[in-house]
Structures are given as C-alpha cells and as structure tokens.
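Q: 3D model of this:
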Amino acid sequence: PGVGKSTLLMQAVAAAATRGASCAYISGEESVDQVRSRAQRMGLGAAPVQLAAETSLRNVLDGLKRSKFDLVVIDSIQTLWSDAHDAAPGSVTQVRAASAELVRLAKKEGVAVILVGHVTKEGAIAGPRVIEHLVDAVLTFEGERGYPFRVLRGVKNRFGATDEIGVFEMGDAGLREVANPSALFLDTSGERAAGAAVFAGIEGSRPVLVEFQALVAPSAYGTPRRAVVGWDSGRLAMVLAVLEARCGLSLGARDVYLNVAGGLRISEPAADLAAAAALASSALDVALPQDCVVFGEISLSGEIRAVSRTEARVREAAKLGFRQALGPRDADAGALKLTGAARLADAVARIGEGGWTSLG
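A: Residues are numbered from 1 along each chain as shown. As a prediction, the model looks like this:
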C-alpha cells in the first residue's frame, strides 16, 4: 500500500486516452470523486478516461460488454466479488473467479485488462497463485518507504522478454521516469569514505551503478550483530566466511553492517566482490578510489569468477566518469584501467596497500 500502483496506472491510462485509446478505470477502493480528484492533482483531469467505482463482478462485466474499450484497469482484484460464490471478497475463491471471468472477457473482446493485485510480505500475489498462470504478463512495482524511487519489473511476459526494468521517482505530480538511475543511486560529492564501494551491476537489461556501504565495528555484546539492507543475508554470511577463511580478516567477533544505498535491492552474484571490498575497506580503514567501480563473483575457494555483460557495466561506469575497475583478472575493462585479481585475497591485499589514488 502506498507504493504508487494507482498513481502509475492513472498516468498510463491518461496517456493512452490522450492518444485516442478508449480507456476505463474501475476502482473498488475509492469513489469516482476521489479518483477524479487525484487525477486533477496530477494534472490529468482533462484526459478522456471513463471512471467507475464498482465491486460487483457482474456489474463490471455488464458495463465492459456494453462499451468497447481498448484498455481497462481494475483496481484492485481483491475488492471484486461474484454473487455466484458465497465466499467473502478477497478470498481465494472470489479472487480466482473474478480473475478467470476478466481474462475470458479480455481474450473474447480483444481488450487489454490490467488487474491490480496486492502482494504478501513474501512478495507473492495475495490470493491463489493461479492468477499468475491465467494472465499474460506479471509486473511488480516495488520501492522502499522513505525513498522516492520505484522500480517496475517484468516477472512474466508471454509477448516478450522480462529483462527490462523501469525506474521512476515519486513527486508531487505523480511518477517521473528516471532516464539514468545510476546518477540517483550514487553520491559523487567529495572523496569516498572507508567502507564504501561502487558496484557496477545489471538490473534487468540496463546497467546500474550503486554504492555498497559497510561498517565493521567492535562488538559491544557477546554475540556479534549481522545486519544487511538491500542484499541477501545468506550471501553476506558466505562472503564473511570467505574473507575470514581465505583472506585472514578477523571478522567473527565484530559487528558487521551492510547497506545498499538508495533503497535498491541487489540480487545478482556479481555483487559479491563489491560487498567484500566494502567490508575489507571498513575493516582495514582504507578508502577505495573515488573513480573506481567493483564487480565480480566470489567462490567458496576464494576465487574471483568472471561475470556476464562486462562491456555494458564498464560502458555505464565510463559514462559517469569512473576511470578504473576492480574485478576478475581476465575481464575486459574497455576504456577503464583494470585492477584484476584471480583470488579474493589478492583484491583485499591490493585494498590494504593504501596509496591507491584516483587517476588524475
């Protein structure tokens, strides 16, 4: 709730209607006046979108059959109910029945229907998983509270690839597309502090640079703390074990905190070396160069493995002014000066040497 699903769809249907498409926005959570008021606040009050506030599936289907629409938004599927079933709205039975009827209508009439579905804490669509099998595409809209950034991801797409993302920034007039997400997730002011490493990652099909921030501190209690935001905690435990066993860094009795700046969540294994570099930088109190990016996968033996799409990562880094990279030994760094390492111990030793300044 509050991530901006309704805002995004209101902007989408308004843009489609302005271009001549026949669009309907059906809300089961707000009245027509509330939807119209939000559209006016966003500057979309003049868009020719048909509005309705309805929760009865029978009435919704009758209305859609009477008029020919190109695009219909149902906000949300959990609010619809069918009088053919005794279950309460939002239950598994009702959600399944409403979804099946709307999908049948969409395919028969040739109308594009967007169903809004809330998700559980685990990230799955609330209700039966059968919804994801019924529809042609599944998009997730995610964002952290306290950050203005939102990411739209394709999870399933019968008409194309799912390796593309959309990055948006929430503002007073709705969502604004962010053409260069890397510039948002990076702090380019001043020198880089110890414990920070810039990761050259791939989100969907686009390269994104994001900063990993680490803090290794003496433990004030008997059991050291391990806290991570924006990265997998199991992956952090593995990297810490490799740093201790293969690199000689004593971290077992110290508190470890790891954060991905900007509220972005990173899942690809290529971030292993960036996390390890940030942790080593904090533990050794040595800052990485301001113009250096890091990428590479770490194996349990301590080897640094090559990653995919190195060229795209390097090109994005060079575009933002980075001039050197720390990564796998055989990586093609293009225009960047590569500090290659075959093993994590070599990379940690390189960080600990100090005197590693930015290229001027």
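
Q: Excluding sequence neighbours, find me the nearest residue to residue 252.
A: residue 244 (6.0 Å; C-beta to C-beta, 6 or more residues apart in numbering). For glycine as for every other residue, the C-beta is placed from the backbone atoms N, C-alpha and C.

Q: who's in contact with that neighbour?
A: By C-beta atoms under 8 Å, 6 or more residues apart in numbering, residue 244 lies in contact with 250, 251, 252.

Q: Low-confidence stretches in the stretch 101-250 of the chain?
A: Low-confidence segments of the stretch 101-250 of the chain, defined by pLDDT under 70: 120-129, 188-190.

Q: Strands along that one, start to end?
A: Counting by DSSP state E, counting those that start in this stretch, the stretch 101-250 of the chain has strands at residues 112-115, 137-142, 149-157, 165-171, 174-177, 196-203, 206-218, 226-229.

Q: now for the third one, which elements pack on it?
A: In other words, strand 149-157. Applying 3 or more C-beta pairs under 8 Å, 6 or more residues apart in numbering; DSSP states H and E, we find strand 149-157 packed against strand 137-142, strand 165-171, helix 181-185.

Q: now the fifth one
A: Here strand 174-177 touches helix 5-18, strand 165-171, going by 3+ C-beta pairs under 8 Å, 6+ apart.

Q: who does the helix or strand following the first one pair up with?
A: Scanning forward in sequence from helix 5-18, with DSSP states H and E defining helices and strands, the next element found is strand 23-27. Each strand paired with strand 23-27, and its direction, by DSSP bridges: strand 49-53 (parallel), strand 71-75 (parallel).

Q: any idea of the angle the first one forms with helix 5-18?
A: Which is strand 49-53. 140 degrees (axes from the mean of the first three to the mean of the last three C-alpha atoms, to 10 degrees).

Q: buried set for strand 49-53?
A: Judged by neighbour count using 16 or more other C-beta atoms under 10 Å, the buried positions of strand 49-53 are 49, 51, 52.

Q: distance of the residue nearest to residue 36 when sequence neighbours are not counted from residue 38?
A: Leaving aside its chain neighbours, residue 36 sits nearest to residue 51 (6.3 Å; criterion: C-beta to C-beta, 6+ apart). Separation of residue 51 from residue 38 (C-beta to C-beta, to the nearest Å): 11 Å.

Q: do residue 135 as well
A: From residue 135 over to residue 38 the distance is 25 Å, taken as C-beta to C-beta.

Q: Which one of those two is surrounded by more residues?
A: residue 135 (20 against 17; other C-beta atoms under 10 Å).

Q: ends of stretch 157-168, how far apart?
A: 21 Å (C-alpha to C-alpha, to the nearest Å).

Q: Other residues contacting that stretch?
A: Under C-beta under 8 Å, 6+ apart, the answer for stretch 157-168 is 4, 8, 136-138, 149-156, 175-178, 181, 184, 203-206.

Q: at 6 Å instead, please
A: Contact partners of stretch 157-168, identified using C-beta atoms under 6 Å, 6 or more residues apart in numbering, comprise 136-137, 150-154, 175, 177-178, 181, 203-205.

Q: Any chance of the residues you listed in JSON lines with distance to residue 98 and neighbour count as columns?
A: Output for the contacts of stretch 157-168, formatted as JSON lines (distance: C-beta to C-beta, whole Å; neighbours: other C-beta atoms under 10 Å):
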{"residue": "136", "distance to residue 98": "17", "neighbour count": "13"}
{"residue": "137", "distance to residue 98": "18", "neighbour count": "15"}
{"residue": "150", "distance to residue 98": "26", "neighbour count": "22"}
{"residue": "151", "distance to residue 98": "28", "neighbour count": "21"}
{"residue": "152", "distance to residue 98": "24", "neighbour count": "19"}
{"residue": "153", "distance to residue 98": "24", "neighbour count": "16"}
{"residue": "154", "distance to residue 98": "23", "neighbour count": "17"}
{"residue": "175", "distance to residue 98": "27", "neighbour count": "21"}
{"residue": "177", "distance to residue 98": "31", "neighbour count": "9"}
{"residue": "178", "distance to residue 98": "34", "neighbour count": "18"}
{"residue": "181", "distance to residue 98": "35", "neighbour count": "24"}
{"residue": "203", "distance to residue 98": "33", "neighbour count": "21"}
{"residue": "204", "distance to residue 98": "30", "neighbour count": "17"}
{"residue": "205", "distance to residue 98": "33", "neighbour count": "12"}
